[in-house]
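In: kindly return the folded structure for what I paste below:
(chains A, B, C and D)
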There are 2 protein chains.
Amino acid sequence: MPGNTSRPAKVTLNDVATLAGVDRSVVSRVVNGDPKLSVRPETRRRVQETIDKLGYRPNAAARSLRTARAYMYGLFIPDFANPVYAEIIKGAERAAGQLGYGLMTASSGGVRIRLAHYLDLLGQGRADGLLFAGEESGHELEQLRSSKVPWVLVNRRSPGSHRYVILDDERGSLLAVDHLVSLGHRRIAHIAGPESADTARRRRAGYLSAMQGAGLSVDLRHIAHADYTPAGGAAAMEHLLSMPEPPTAVFVANVASAVGVLHAAHAGGLSVPRDLSVIAVHDMPLAGHLVPALTTVRMPLEELGRRALELLASRPPEEDITEVVTDPAEVVVRESTAPPPA
Amino acid sequence: MPGNTSRPAKVTLNDVATLAGVDRSVVSRVVNGDPKLSVRPETRRRVQETIDKLGYRPNAAARSLRTARAYMYGLFIPDFANPVYAEIIKGAERAAGQLGYGLMTASSGGVRIRLAHYLDLLGQGRADGLLFAGEESGHELEQLRSSKVPWVLVNRRSPGSHRYVILDDERGSLLAVDHLVSLGHRRIAHIAGPESADTARRRRAGYLSAMQGAGLSVDLRHIAHADYTPAGGAAAMEHLLSMPEPPTAVFVANVASAVGVLHAAHAGGLSVPRDLSVIAVHDMPLAGHLVPALTTVRMPLEELGRRALELLASRPPEEDITEVVTDPAEVVVRESTAPPPA
DNA sequence: CTGAAAGCGCTTACAG
DNA sequence: CTGAAAGCGCTTACAG
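Out: Got it, this is the predicted structure:
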């Protein structure tokens, strides 16, 4: 066959065994570091040298077929455009890599057909487990349950599911509200996420209990719901500004919405933070460069991704996983919060 | 074995064949839609029914081992936090799905060890091809070349490489500059991307030729380089503002930098667009909600991802691919551009 | 029109 | 301490 000078032919276990003068099984055991293999140091060295010389790489398909494991995990996120997931992905990729596994990240993207497509791939044994981040419909969760792949929800719980890893969103809310209270605010509104979102419900609950803890009453009209997008945040802010006694500070459930909040405040003629303080959950590079730079609560997103993958890998699929990742969480003070107008 | 009532045992080709009363090979051909298979309609129907009844899914590992194909492509991006890649990923995922393939997206993340890890996975035959988006070091490209996997660069070219799909960045720059010129600007600065980035060089070239085409001279000190981050954009803007005769408009090479540009202009006491107009390359939801809402040039990012994957899948690995995705590209006018101060 | 058979590249219990 | 052998679940040229 011409042309195979530049493209090296595939090297198999057999090739290594032949050249090293041992059986395939020995090579296999050396490659996999089988502790039960007792072999002369010299033989082991010769095998290793031959592996290096030929550039042998075990064939993943053959290995998977034999061991019934894919050495691959999957991670679904709703939307790559949401920067919150970048950190989660990073943590999960790191954890998978440390276990010698790959991570296949894909977006379910609200497009049901794509999720079905990937679940189909998974049904073919291409992944040994699945992380499922973000808010999806019950229908999709149903598909997930009916698949045979072990899975863990990330950053969300779901009714009747006992396999999830979440952040301590209540504590995040507490940090945010306390920051505003310490600046002297009393009329503190909350722009929450969608009511269907578990994270939104927990942040909302944290807001309510933090307000109560500070001895402040909550005007329920000061709680506006928005989806986790700039457009949603803008609409919610406009609504709050139209109220007879508008708040002096807003605690926003996420940074994407906060972008819209800042825009709407500006469009409404308010100066942030002079007329209105704004703080949001999740820190990211973008936040520090908004106009004005946004004060945030930094949450351990990367740690969340790492932990979720580790638990997926280490716990049996029928066992409950109900873990809350707490540290580190802290307020990052920038330009968008200040004492209320006198 | 207890407990296998809830978890269905794995169904194989053999199970289907036995139950349907045909040979494995017939089932295989039905599953794969082999056009050379001539079988009685009734037999085909019976096989299909049995497949459905048992919920048979072909085992990917066995299939890959036999056919030496993984039915999977890989996509590397430098950083999930950069929203530019979200659209590219979307396009590539769609295209892969339509071919019946999966897409494994991973970040090389500047962390060399992670790229090495994934190239290792690929070396095991886990992907049939690789898309490589964004700017990486020559070292990483070297690794890529030495791997046996077909690859295509996305949104970048590289010296000596003839397999890439890029956008018409020169045209994007032309649209941006023309928009500013039509508003009456003459002192138009450019905040370019890093000199090492191919996209940055093409946008810079487009800026220069558009300025020339408009009969405007370019003060080379009006070209500032920044990396594609808010912090970089802010620093570059501060530099431009310190000049004796600052520009009345800035064409920024990407939206992430533009976030920092708006921040720096605001911090410097300038009102956008009254004192300074700003336009940036690539449109995304965020842009419409910055303060002020950012005028952009929308580029066909999703189409770029789709096209790259299609070409990766359809062209032989030794063949050159040098495609420029052009349409659609358009200026999205928002609040950040206006005529220059009188 | 349908079936028998070889073989893809591994791993692993077992034999010696 | 090392090797022979079976088999994971498929696909495909070939025989009938």
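
In: unless I'm mixing things up, A:Leu311 is touching A:Val152, no?
Out: Yes - using C-beta atoms under 8 Å, A:Leu311 is in contact with A:Val152, at 6.1 Å. Yep, even glycine has a C-beta here, placed from its N, CA and C like the rest.

In: can you list the residues of the stretch 51-200 of chain A near DNA strand C?
Out: Counting by C-beta under 7 Å from any atom of the strand, the positions of the stretch 51-200 of chain A adjacent to DNA strand C are A:56-59, A:62-63, A:65-67.

In: for ChimeraX, what selects the buried ones among these?
Out: In ChimeraX, a selection of the buried entries from those looks like this (16 or more other C-beta atoms under 10 Å in any protein chain shown):
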select /A:56,57,58,59,62,63,65
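
In: which residues of the stretch 201-342 of chain A fall in strands?
Out: A:223-225, A:249-252, A:277-281, A:295-298, A:321-325, A:330-332 (DSSP state E, counting those that start in this stretch).

In: neighbouring strands - and their directions - for the second one?
Out: Taking DSSP bridges as the criterion, strand A:249-252 forms sheet pairs with strand A:188-192 (parallel), strand A:277-281 (parallel).

In: ok, now how distant is the residue nearest the centre of chain A from DNA strand C?
Out: Of all residues in chain A, the one closest to the mean position by C-alpha atoms, centre = their mean is A:Ile88, 3.0 Å from it. Note on A:Ile88: its distance to DNA strand C, by C-beta to the nearest atom of the strand, to the nearest Å, is 31 Å.

In: for the record, mean pLDDT for stretch A:98-106?
Out: Averaged over stretch A:98-106, pLDDT sits at 87.

In: just to revisit the earlier point, the residues of the stretch 51-200 of chain A next to DNA strand C also near DNA strand D: which ones?
Out: Contacts with DNA strand D within these, as defined by C-beta under 7 Å from any atom of the strand: A:62, A:65-66.

In: please spell out which residues along the helix or strand hosting A:Glu42 are buried.
Out: Using DSSP states H and E, A:Glu42 sits within helix A:41-54. For helix A:41-54, a neighbour-count test (16+ other C-beta under 10 Å) marks A:44, A:46-47, A:50-51 as buried.

In: show me what that helix is packed up against.
Out: Other elements packing on helix A:41-54 under the criterion 3 or more C-beta pairs under 8 Å, 6 or more residues apart in numbering or on different chains; DSSP states H and E are helix A:13-20, helix A:24-31.

In: do any residues in the first one lie close to DNA strand C?
Out: Translated: helix A:13-20. Yes - looking at helix A:13-20 against DNA strand C by C-beta under 7 Å from any atom of the strand, the contacts come from A:13-14.

In: mind checking how far stretch A:199-219 is from the chain centre?
Out: 25 Å (C-alpha atoms, centre = their mean, to the nearest Å).

In: dump the strands paired with strand A:249-252 into TSV; add mean pLDDT and mean neighbour count as well.
Out: Conversion of the strands paired with strand A:249-252 to TSV gives the following (pLDDT from 0 to 100; neighbours: other C-beta atoms under 10 Å in any protein chain shown):
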stretch	mean pLDDT	mean neighbour count
strand A:188-192	97	27
strand A:277-281	97	27
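
In: a markdown table for these, including distance to A:Leu130?
Out: As requested, the strands paired with strand A:249-252 are exported to a markdown table (distance: least, C-beta to C-beta, whole Å):
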| stretch | distance to A:Leu130 |
| --- | --- |
| strand A:188-192 | 28 |
| strand A:277-281 | 26 |
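
In: what's the closest of those strands to B:Asp79?
Out: Of all the strands paired with strand A:249-252, strand A:277-281 sits nearest to B:Asp79, with 21.4 Å by C-beta to C-beta.

In: neighbouring contacts of that closest one?
Out: A:169, A:172-173, A:176, A:179-180, A:183, A:185, A:203, A:248-255, A:257-258, A:261-262, A:265, A:272, A:287, A:294-297, A:299, A:331, A:336-338, A:340 (C-beta atoms under 8 Å, 6 or more residues apart in numbering or on different chains).

In: roughly how far is that strand from the heart of the chain?
Out: 21 Å.

In: try stretch A:143-154
Out: Distance, centroid of stretch A:143-154 to centroid of chain: 16 Å (C-alpha atoms, centre = their mean).

In: which ones are touching the closest residue to DNA strand D within the stretch 201-342 of chain A?
Out: Closest contact between the stretch 201-342 of chain A and DNA strand D, by C-beta to the nearest atom of the strand, is at A:Pro317 (18.3 Å). Residues in contact with A:Pro317 (C-beta under 8 Å, 6+ apart) are A:129, A:150.

In: roughly how far apart are it and A:Leu311?
Out: Per C-beta to C-beta, to the nearest Å, A:Pro317 is found 11 Å from A:Leu311.

In: and A:Gly109, what's its pLDDT?
Out: 59.

In: what about the stretch 51-200 of chain A, any weak spots by pLDDT?
Out: For the stretch 51-200 of chain A, applying pLDDT under 70 flags the ranges A:109-115, A:136-141, A:146.

In: again, 80 this time
Out: Within the stretch 51-200 of chain A, the stretches with pLDDT under 80 are A:108-123, A:134-148, A:160.

In: just to revisit the earlier point, does any part of the helix holding A:Glu42 sit near DNA strand D?
Out: Yes - Helix A:41-54 is in contact with DNA strand D by C-beta under 7 Å from any atom of the strand, via A:Thr43.

In: who touches the nearest residue to A:Val39 once chain neighbours are set aside in this structure?
Out: Leaving aside its sequence neighbours, A:Val39 sits nearest to A:Val26 (C-beta to C-beta, 6 or more residues apart in numbering or on different chains; 6.5 Å). By C-beta under 8 Å, 6+ apart, the contact list for A:Val26 reads A:17, A:37, A:39, A:43, A:47.

In: wait, is the third one part of a helix?
Out: Read it as A:Val39. No - counting by DSSP: H, G, I helix; E, B strand; the rest coil, A:Val39 is not part of a helix but coil.
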